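Novice: structure for the following, please:
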Amino acid sequence: MSCKRADAAIESFGATVRETVNANKDKIDQEQGLRLLQEGSKVLVAKGKKVLEFRLKKGQPQGELSLQDLQKAAIGPSGRLRAPTLKLGKTWVVGFNPGLYEEIFASG
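Specialist: Predicted coordinates:
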């Protein structure tokens, strides 16, 4: 359900999606998912109304949050990367939160 809401939000801001991966067909496991996220410089994880921000340097979170915190937030109970997951430059967005999407897409 949140993927459909994410698609609708992205469309409402007129953003263009370059590539879509169907999470039901192309499953991204825990190891693969963490590797992808560690390629970025920032990861935003939405869980309900809460948004966690991880700033990464050389693949490791900086500040109070750890790699285990990132794994716990971004990997679902199935052991796979949570959907929807977006890559915007060097920023990854995991999960759906309407306010976060508005902040990201309304700013350009």
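Novice: quick one: the helices in this structure?
Specialist: 2-12, 30-38, 67-74, 98-106 (DSSP state H).
Novice: how about the residue nearest the centre of the chain, what does it touch?
Specialist: Central residue of the chain (Cα atoms, centre = their mean): residue 94, 1.9 Å from the mean position. Under the criterion of Cβ atoms under 8 Å, 6 or more residues apart in numbering, the neighbours of residue 94 are 37, 43, 44, 45, 46, 73, 74, 81, 82, 84, 85. The way it works is simple: take the backbone N, C-alpha and C, and place the C-beta from them, glycine included.
Novice: is it bridged to anything, and to what?
Specialist: With DSSP bridges as the criterion, residue 94 is bridged to residue 45, residue 85.
Novice: highest neighbour count among the contacts of residue 94?
Specialist: Greatest neighbour count in these, by other Cβ atoms under 10 Å, goes to residue 37: 26 neighbours.
Novice: what sits against it?
Specialist: Applying Cβ under 8 Å, 6+ apart, the residues near residue 37 are 43, 56, 70, 74, 81, 92, 94.
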